[in-house]
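[1] Sequence and computational prediction follow.
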Amino acid sequence: MARFGKLLKANSTRNTGMNPVRTARLSMKSSRACETVCMRTLCKSACALLLGLSLAAIAQEADESAEQEQIEEIAIVASRTVADVIGVESIKLDDIPPQFTLTDSIRTLTGAAVSQSGATGSVTQTRVRGAEANHVKVLLNGVPLNLHSADLNFAALSPVGIDRIVALNGPRSAVWGNHALAGVIHLSTPTIPDKNRIYMDAGSLAAWSAGADAGTRLRNTDIGVHFAKRTTEGTNTSYIGDENDGFDQTTTHIGYRSEFEAFTAQGFVRRTSSLSEYDPIPRDGDRHIEVSNNVVAQKFNWTTCNTVDWQANASRTTSRLLNFVEQDETNSWRGVLAQVGIEGAVRISAQQRASFALESMREEFEQRAPVAPWGDPNYAESIGAYGLAAEYVLELPVWQLHGSIRQDMNTEFGDAFTWQATAMQRFNNWAWSYAIGVGTKNPTFIERFGYTPANFLGNQYLKPETALQHQVAIERAAENRSLTLAIYASTLNDEINGFSYDVEQNQFTAVNLSSDSSRRGAELRFEQSLGSATLYANYAYIDSREADEPEIRRPNHLANLGLRHQLTSRLRMRSSLHWSSNQLDRDFSTFPATVVTLDSHFLAAASWEYDVNATFAIYGNIENLFDTEYEHVYGYRNPGRRYQVGMKVTL
């Protein structure tokens, strides 16, 4: 089962369009997989081939029908072609009750430190392997959600329609380009949901949500629609006052997939509108932000000469933020990222595969705010980039060699060259690998042009941040259990200081620092099948330093423990326990800001779902079961115990 790395086992043969994961063809000798460009036939062929290999590898005593259900589609996020990789981690969301946000699920990923600034919906950052908050790339069906305009707010990522989260730690810029310096998190939606359903729930903090998932097939086209609205009065983030900070979000997602004789076409449209109340500093204040995120994407796939699989894609991601104080708009910004690309995957022989990609990107940024005595923040700018990438995989009897290179040519700052090389050996149920690679993160618009451009010395020679990482990983995969250990060391170079004073020009500017930052750590992940239950656990040790001083909001230890249990044919339960060691932060109410320590904490959660009959089910969940008081950001209280109870109707 783990023969081709820690592969994602999707639960539907009609997986999303725009998914960057490539359908794995495990036998290059299969004529059936090469004779047609119909994706359905490819999926069925790959499943049948993988089924045979899996049964032979793990014991040949597993039940064939059970294996076929479990391995209907194999996909990976580590490569543009089929590559054996250790470390891919996935969370299946479609078998748990509807979530209010994705934050609690992302927190359970190995080595992911989530910093939530108070109540549900408040600004939330994720740091992977001790890197910066903007050093992890987030993709939705293969479309990048990160913008140069601002750091990605994970609280604004809606769970509506998302059936799986897949993550891979480590630099992946040689495959995915900018932002993938410390890792990649991929969110996927199915073109058609497994079941047409409506659901609604309510709970503490005056929270409620309602939504629907529906899909149909019209001749050769699958169409899926997902919609949901969720709202809560929230909790009091500040320690002074008693005003709650609420959150409201509405999401619509429409996707399609059409299959023709010569090609397939697939795409989606997604819109998310959010309103989040917040406190300006750790005391009450009547402030809120309104955020709208829109994504439009289209992809075409076809095959030539039975050996080259082509893909052409285009996407447009738009994000707009409005900030309000006392119900009056004070400032806003808007970012638009447009991207087009073409890529090909070539089967050179049964042992050799290669791929290449050409991409073009353009992003626009517009900022509006009142003119201040220190400068005018109103401006509009744009940046562009062209990317060329190539990849090669060589399969030997027990070894695999895998290499990737990428050149990004930027219009407004320095270019970036990234690469990655991996050697892996498999024997019996064991595997080990050594990987070395470089990740990159481009400057933001503020770092390149400033907040008030007239009073900022823009640096056209600014270089992207880069990180070189070494990793050794080992994996033990048996029929009902798996164990993975990874040890890594990473060095961040050319870190950007966006608040450097140029004495000669008498202006502030942005520069690349000559000093380096280091990240060292280890990750351990375990999963055990216990018949009708599955036990999983992960642990991460993180040592992140700048100038030999520990960095803030990076706990040294993170751990998760969870249990999924099918108690009866109708009743399912899940429970989890998250632990974070103490971490440093800064108290900005003092001048200069002083370093403080945030206490370690445990967070427990539980959920259940009961099928009353074939069409009606009830469910519930509890977050922060022990009502733990904790902070991710100094001075901002996180929510206490909260619960919700709901029902689902399958149509």
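    Noted; the coordinates are in hand. Residues are numbered from 1 along each chain as shown.
[2] quick one, phi psi at the nearest residue to Glu326 once chain neighbours are set aside?
    Excluding the flanking residues, the one nearest Glu326 by CB to CB, 6 or more residues apart in numbering is Asp286, at 5.3 Å. To be clear about C-beta, it is placed using only N, CA and C from the backbone, and glycine gets the same treatment. Asp286 adopts backbone torsions of phi -90, psi 80, taken as degrees, to the nearest 10.
[3] Count the neighbours of Ala491 for me.
    Actually, residue 491 is Thr rather than Ala. Thr491 has 14 neighbours, counted by other CB atoms under 10 Å.
[4] distance of it from Ser518?
    Shown here: Thr491 relative to Ser518, a distance of 6 Å by CB to CB, to the nearest Å.
[5] so what's the closest residue to Asp502 other than its chain neighbours bridging to?
    Spatial nearest neighbour of Asp502, excluding adjacent residues (CB to CB, 6+ apart): Thr509 at 5.0 Å. For Thr509, the beta-bridge partners are Leu457, Ser500 (DSSP bridges).
[6] I'd say Thr509 and Tyr461 touch.
    No: Thr509 is beyond contact range of Tyr461, at 10.5 Å (criterion: CB atoms under 8 Å).
[7] Give the residue from the two that has the larger number of neighbours.
    Using other CB under 10 Å as the criterion, Thr509 and Tyr461 rank with Thr509 on top: 18 against 8.
[8] Domains of the chain: list them as residue ranges, please.
    Following automatic domain parsing, one finds the domains of the chain at 8-185, 186-650.
[9] Would you mind finding the most buried of those domains?
    domain 8-185 (a mean of 22; mean count of other CB atoms under 10 Å).
[10] OK, contacts around the residue nearest to Glu326?
    The neighbours of Asp286, taking CB atoms under 8 Å, 6 or more residues apart in numbering as the test, are Glu243, Val325, Glu326, Gln327.
[11] Any chance of JSON lines for these, columns distance to Gln352, secondary structure and pLDDT?
    Shown next, in JSON lines, are the contacts of Asp286 (distance: CB to CB, whole Å; DSSP: H, G, I helix; E, B strand; the rest coil; pLDDT from 0 to 100):
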{"residue": "Glu243", "distance to Gln352": "63", "secondary structure": "coil", "pLDDT": "90"}
{"residue": "Val325", "distance to Gln352": "60", "secondary structure": "strand", "pLDDT": "93"}
{"residue": "Glu326", "distance to Gln352": "64", "secondary structure": "coil", "pLDDT": "86"}
{"residue": "Gln327", "distance to Gln352": "63", "secondary structure": "coil", "pLDDT": "87"}
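[12] which one among those residues gets closest to Thr221?
    Of all the contacts of Asp286, Thr221 sits closest to Gln327, with 45.3 Å by CB to CB.
[13] Just grab the bridge partners of Ala113 for me.
    Arg127.
[14] wait, it sits on Arg554?
    Yes: in this structure, Ala113 is within contact of Arg554 by CB under 8 Å, at 5.9 Å.
[15] Overlap of the contact sets of the two?
    Listed as contacting both Ala113 and Arg554 by CB under 8 Å, 6+ apart are Arg127, Gly130, Ile542, Gln583.
[16] distance of Ala297 from Pro193?
    Taking CB to CB, one finds Ala297 at 18 Å from Pro193.
[17] what's stretch 423-437 in contact with?
    2-3, 84-86, 170-174, 398-402, 404, 418-422, 468-478.
[18] mind redoing it with 7 Å?
    84, 86, 170-171, 174, 398-401, 419-422, 469-478 (CB atoms under 7 Å, 6 or more residues apart in numbering).
[19] Now intersect those with the helices, please.
    Ala174 (DSSP state H).
[20] Next step: the contacts of stretch 423-437 restricted to strands.
    Judged by DSSP state E, strands contain the following of the contacts of stretch 423-437: 399-401, 419-422, 469-477.
[21] Enumerate every residue touching the residue of the chain lying at maximal distance from its centre.
    The C-alpha centroid of the chain is most remote from Glu504, which lies 42.7 Å away (CA atoms, centre = their mean). If you count contacts by CB under 7 Å, 6+ apart, Glu504 has none.
[22] What is the most widely separated pair among the ones in strands among the contacts of stretch 423-437?
    Distance extremes for those: the farthest pair is Trp419 and Arg476 at 29.2 Å, using CB to CB.
[23] which residue ranges form the helices in the stretch 101-250 of the chain?
    Here the stretch 101-250 of the chain has its helices, by DSSP state H, counting those that start in this stretch, at 103-106, 173-176.
[24] phi, psi of Asn306?
    According to degrees, to the nearest 10, Asn306 has phi 60, psi 10.
[25] for Thr252, same thing?
    Dihedral angles for Thr252 - degrees, to the nearest 10 - are phi -130, psi 130.
[26] My understanding was that it contacts Arg271; is that so?
    Yes: if you go by CB atoms under 7 Å, Thr252 and Arg271 touch, sitting 5.1 Å apart.
[27] Give me the mean pLDDT for stretch 394-405.
    Here stretch 394-405 scores 95 as its mean pLDDT.
[28] go on, stretch 502-516?
    Mean pLDDT, stretch 502-516: 93.
[29] Which helix or strand contains Lys299?
    In the assignment (DSSP states H and E), Lys299 maps to strand 287-304.
[30] Strand partners (parallel or antiparallel) of that strand?
    Here strand 287-304 has these sheet partners by DSSP bridges: strand 263-278 (antiparallel), strand 308-325 (antiparallel).
[31] Relative to the whole chain's centre, how far out is the last one?
    Yep, that's strand 308-325 we're talking about. Averaging C-alpha positions (CA atoms, centre = their mean, to the nearest Å) puts strand 308-325 15 Å from its chain's average.
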